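> Please work out how this folds:
(chains A and B)
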Amino acid sequence: MMVEIVFYVFAATAILSALMCITQRNPIASAFWLISTMLALAGIFVLLEAHFIAAVQVLVYAGAIMVLFLFVIMLLNLSGRVSDIRGRLSWVVATVIAVALTASLIGLRAYTPERLAQEVTGSLQITPDVAFQSGDLARAAAESRGVIGVFAEPLFGTYLVPFEITGLLLLTAIVGAVVLAKRRL
Amino acid sequence: MLLGPSLGLSAILFAIGVAGVLIRRNAIVLFMCIELMLNAVNLSFIALARYHGMSGQVMVFFVMTVAAAEAAVGLAIILALFRHRESVDLKDANVLQG
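Numbers count the residues shown, from 1 in each chain, chains lettered A, B, ... in the order given. I've put the predicted structure just below:
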């Protein structure tokens, strides 16, 4: 019960911050509200037994990526004196699309581990305990091997090639950013 | 049982991100809305990974890496745009407009 209360506090924080982020005229205020959303999401990741991802979320997302955004906003001296928010027609279109999207996806709120187990295995009688070996797989594995070990094994085993390609992608991004942002090479 | 509520929250945050892309014209804020959508998808990956195995968390790790690369290149493009137009407003970026 306690976990549910904490979850809904974080969820309300995330939604309110996200709404403030898209409606604030000043880009710096937008960035700070987005950081607030990301920190609330990091809290939810902890509740979902993803401790390493929560730490990376704070370090990489709320730390590195958002600092990059703030640097660029301040470098370009954007203060939001002139509003960049579109007119009323765009508001109506955006609201309609957002409400339609939410309405079509909000049914997922009733999704349960039992249904996940049934859909994954295709069997109607199966319970999550049987389908996923242990009910809370992440928690059980983390208790025996530690949070990092559980995460590192698939990362450097099954997903080794994607991991290497990600390194290549980062190299490309570094070179690309330098080429694009430099006045002349 | 946080699986359902997490997926619901993920849907709401994604919709807010889409709405943000539609109502803003500032290129940097648009990028932040895209980050918001990526975060929403990450949340559903994490929620499902809790039951389905660690692959979901590994996928979130890759999404974060791609988001970092995308932010670096995207912000460099915005800097280049600002240098040419003295503005990051998308209504000024209309060279390719028919």
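> Lowest average confidence across helices and strands of chain A, where is it?
Using mean pLDDT, DSSP states H and E, the weakest-scoring helix or strand in chain A turns out to be helix A:128-131, at a mean of 63.
> how many neighbours does the closest residue to B:Arg83 other than its chain neighbours have?
In this structure, B:Arg83 finds its nearest non-sequential neighbour in A:Arg183, 7.6 Å apart by CB to CB, 6 or more residues apart in numbering or on different chains. Heads up, the C-betas are built off the backbone N, CA and C, glycines and all. In terms of burial, A:Arg183 registers 7 neighbours under the definition other CB atoms under 10 Å in any protein chain shown.
> does A:Arg183 count as helix, strand or coil?
coil (DSSP: H, G, I helix; E, B strand; the rest coil).
> pLDDT at it, what is it?
A:Arg183 carries a pLDDT value of 74.
> any idea how far A:Leu155 is from it?
39 Å (CB to CB, to the nearest Å).
> What are the structural domain limits within chain A?
A:1-81, A:90-131, A:132-185 (automatic domain parsing).
> of all these, which gets the most neighbours per residue?
Of these, the one with the most neighbours on average (mean count of other CB atoms under 10 Å in any protein chain shown) is domain A:1-81, at a mean of 19.
> mean confidence for it?
The average pLDDT for domain A:1-81 rounds to 91.
> Between the two ends of it, what distance do you get?
End-to-end distance of domain A:1-81 (CA to CA, to the nearest Å): 46 Å.
> That one close to chain B?
Yes. Using CB under 8 Å from any CB of the partner chain, domain A:1-81 reaches chain B at A:3-4, A:7-8, A:11, A:14-15, A:18-19, A:21-22, A:27, A:30-31, A:34, A:37-38, A:41, A:44-45, A:47-50, A:52-53, A:56-57, A:60-61, A:64-65, A:68-69, A:72-73, A:75-76, A:78.
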